[in-house]
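[1] Next come a sequence and a model predicted from it.
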Amino acid sequence: MMAICYREHDETLLQNYETEVRARGTTVHKDLEALFGNLRHTETDDMETAPSTPARLVKIPSLTKPSSPLKTSTKPTVNPSRNSRTTRFKSKHERMINKRNEERLEKYKLKNLPKLKRENVTQTNFMLNDAPWSRWQLAITPESPEGVESHLWQKRRGDLTGYRKTEICNGQYQKPALYEFAVQTHEHCKRYVVYCKCNKGFTLDKGSWESRLLNNTDVRNEVEDVLKKGCRIFVRHFPLRKTSATTNKMADLGHYDYAWRCQRSERISPRQLQVLN
């Protein structure tokens, strides 16, 4: 009974019990020997007839599963030492060569180039061409215009030659503006720009626009001279606003030489136009 109980409970207990019985030194009864043999055969048969257990499937880890965060290393980062750059001093000969090269290039800078004669510069090449200029308007003529617009003209003061238009630029004199004046030798001919005037604005309580815009003595003499030669004078303008673009345009204006505008560093009197000689 003990052998059967051990066999039912655990085969290891059966083997231990059989070993203990045989170790007693007495002869094992034939019935007990047969019982041990039957129990061993039953154990072997059970092992042969037992269904094979399928191998356990190992789950493949998902590729979409987020990986565990890596542990930050606590080891200090050692930056490789950089070799300090040694300052190289230029020799006296090299400094002299660099200075000569700078002097050679200095004369090609825009500020050092000779000024362009404004009367020879075409409209498309004029640096202020993109400014909001008004259309050219006849301002002063040697003879009194005839027709329906004759009342828009008045005789120049005193014994001065010619007639001037009563109002130019639609009477917008109060705002700052840049004016350009041009001379035309004959009708339908080219206009030669000879003078520019930057004005902060004015009101016509008395006087005329001519006394405000053409008030320089040398300019008045030039106006009188071209009118006596039968030429006409045109004017145009564009308003000045407090913007960086306007500031740049006024700086570009210094690259041109206007015949009636005296250049302090170059001349002290107006320049004569060749087309009028």
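    Cool, got the structure. Residues are numbered from 1 along each chain as shown.
[2] going forward, measure contacts between C-alpha atoms and count neighbours the same way
    Noted.
[3] Show me where the stretch 101-250 of the chain dips below the pLDDT cut-off.
    107-111, 148 (pLDDT under 70).
[4] in it, which spans are strands?
    116-117, 137-141, 153-155, 163-165, 177-184, 191-199, 232-239 (DSSP state E, counting those that start in this stretch).
[5] Just send those back as JSON lines, with distance to Ser211 and mean neighbour count too.
    Formatted as JSON lines, the strands of the stretch 101-250 of the chain follow (distance: least, Cα to Cα, whole Å; neighbours: other Cα atoms under 10 Å):
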{"stretch": "strand 116-117", "distance to Ser211": "26", "mean neighbour count": "14"}
{"stretch": "strand 137-141", "distance to Ser211": "13", "mean neighbour count": "21"}
{"stretch": "strand 153-155", "distance to Ser211": "13", "mean neighbour count": "17"}
{"stretch": "strand 163-165", "distance to Ser211": "11", "mean neighbour count": "22"}
{"stretch": "strand 177-184", "distance to Ser211": "14", "mean neighbour count": "20"}
{"stretch": "strand 191-199", "distance to Ser211": "12", "mean neighbour count": "20"}
{"stretch": "strand 232-239", "distance to Ser211": "14", "mean neighbour count": "21"}
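[6] now these in JSON lines, with distance to Asp252?
    As requested, those are exported to JSON lines (distance: least, Cα to Cα, whole Å):
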{"stretch": "strand 116-117", "distance to Asp252": "11"}
{"stretch": "strand 137-141", "distance to Asp252": "24"}
{"stretch": "strand 153-155", "distance to Asp252": "35"}
{"stretch": "strand 163-165", "distance to Asp252": "30"}
{"stretch": "strand 177-184", "distance to Asp252": "13"}
{"stretch": "strand 191-199", "distance to Asp252": "13"}
{"stretch": "strand 232-239", "distance to Asp252": "15"}
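[7] closest to Met96 out of those?
    Closest to Met96 of the strands of the stretch 101-250 of the chain, according to Cα to Cα: strand 116-117, at 33.0 Å.
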